[in-house]
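Trainee: fold the stuff below for me.
(one chain, ligands or ions: 1)
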Amino acid sequence: MTTLIDGTTTALRIRARVAEKVAHSVRIHKRAPGLATILVGDDPASAVYVAAKRQAIREAGMRDVHHTLPAEASYPAVAALIDQLADDPDVCGILLQLPLPKGLDSAALIDRIPVTKDVDGLTTASAGLLARGADGLRPCTPAGVLWLLDAEGVELRGAHAVVVGHSELVGRPMARMLLQRDATVTVAHKHTVNLPSITRLADVLVVAAGVCGLIGAEHVKPGAAVVDVGIHRTDHGLRGDVRSRELQGHAGLLTPVPGGVGPMTIAMLLANTLVAFEQGQP
Ligand SMILES: Nc1nc(=O)c2c([nH]1)NC[C@@H]1CN(c3ccc(C(=O)N[C@@H](CCC(=O)O)C(=O)O)cc3)C=[N+]21
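Mentor: Presented below is the predicted three-dimensional model:
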């Protein structure tokens, strides 16, 4: 029997709890957390994601501070906007939507975000804290994955976790966070030779390779927990990195696409923003 993990419902529950805390803070401090989103250019997928995030920000009772810059925006123009938001006391979180148009140095721009406002957890400073196992804001997608695994009661300590993908956004922080939870962690990726021989070792398999349908039954140990972080728009609708139909009755737990990790990413963004806000309170 394969249990499908419902990320949509869990995410809505988290968002409702964040909204309660925001309302409380507004009553006590007369201030709501402000979250700034920056969208550069007009990539349609990015526009959809940012719109979803902004709606969640407003529904949580937070202040929705948004800036769209043209695709031709210069590095100094984006940098100046980030610096302005960094200095704005009414903004407690800054999200620079990725990917940026070609020619803009995303790593350098992300690193202009102060670590205290890094609600995406993507700055070098936040990654350094995570690498050390110190407290800090964590990247939203891996945080959402851990939340779902915890909610299902999946034991991580001592388990063999295999992460497929080594992106700065998901794979690398995911591996570090699993290690922090005392899992035995293997990082594989789309160039890994004999990938099924590695992934079949996994008790917990997190797939964030960005390759549609990369993982099938031959990659999965029977009963394993499989988390699909991939998201691809195909002629047949949204698909993940996992061929989910093959895993029915084979995996123990499986996150669907859509309705799995995606909604959790947004919920974790709000949770991080609340933390940043509370830590910024006098
Ligand atoms: N600085 C930055 N931070 C990010 O967190 C970030 C980013 N850049 N760039 C792009 C990725 C992607 N991402 C998603 C968020 C929500 C869903 C989501 O809610 N997905 C729905 C489906 C929505 C749909 O129709 O596409 C679901 O899976 O059920 C998906 C993907 C955040 N990202």
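Trainee: for residue 146, which non-adjacent residue is closest in space?
Mentor: Leaving aside its chain neighbours, residue 146 sits nearest to residue 177 (5.9 Å; criterion: CB to CB, 6 or more residues apart in numbering). The C-beta positions use only the backbone N, C-alpha and C, and glycine is treated the same way.
Trainee: tell me where the stretch 1-150 of the chain has helices.
Mentor: Remark: helices assigned in the stretch 1-150 of the chain by DSSP state H, counting those that start in this stretch are 7-29, 44-59, 75-87, 106-110, 124-132, 140-151.
Trainee: next, count neighbours for the closest residue to the ligand within the chain.
Mentor: Using CB to the nearest ligand atom, the closest approach of the chain to the ligand is made by residue 262 at 2.3 Å. Residues near residue 262, counting by other CB atoms under 10 Å, number 23.
Trainee: tell me which element it falls in.
Mentor: helix 261-280 (DSSP states H and E).
Trainee: and the angle from that helix to helix 44-59?
Mentor: Orientation of helix 261-280 against helix 44-59 (axes from the mean of the first three to the mean of the last three CA atoms, to 10 degrees) gives an angle of 50 degrees.
Trainee: tell me which other helices or strands helix 261-280 touches.
Mentor: On a contact count with 3 or more CB pairs under 8 Å, 6 or more residues apart in numbering; DSSP states H and E, helix 261-280 meets helix 7-29, strand 34-40, helix 44-59, strand 93-96, helix 140-151.
Trainee: which residues touch the nearest residue to residue 166 once chain neighbours are set aside?
Mentor: In space, and not counting its chain neighbours, residue 166 is closest to residue 189: 5.0 Å by CB to CB, 6+ apart. Neighbouring residues of residue 189 by CB atoms under 8 Å, 6 or more residues apart in numbering: 164, 165, 166, 171, 209.
Trainee: what of residue 201?
Mentor: 160, 162, 186, 221.
Trainee: and the third one, how many neighbours?
Mentor: So that's residue 186. 18.
Trainee: how about the secondary structure of it?
Mentor: strand (DSSP: H, G, I helix; E, B strand; the rest coil).
Trainee: just checking, residue 139 touches residue 122?
Mentor: Yes: contact criterion CB atoms under 8 Å: residue 139 and residue 122 qualify, at 6.1 Å.
Trainee: joint contacts of those two?
Mentor: Common contacts of residue 139 and residue 122, defined by CB under 8 Å, 6+ apart, comprise residue 169.
Trainee: near the ligand, which residues of the stretch 151-282 of the chain are found?
Mentor: Within the stretch 151-282 of the chain, the residues that sit near the ligand (CB under 6 Å from any ligand atom) are 231, 238, 257, 258, 259, 262, 263, 265, 266.
Trainee: let's go with 8 Å and repeat that
Mentor: Listed as neighbours of the ligand in the stretch 151-282 of the chain under the rule CB under 8 Å from any ligand atom: 169, 231, 233, 238, 256-263, 265-266, 269.
Trainee: in the contacts of residue 201, find the pair that's most separated.
Mentor: 186 and 221 (12.9 Å; CB to CB).
Trainee: what do the two both touch?
Mentor: Contacts common to residue 186 and residue 221, judged by CB under 8 Å, 6+ apart, are 201, 202.
Trainee: so which of the contacts of residue 201 is surrounded by the most neighbours?
Mentor: residue 162 (27 neighbours).
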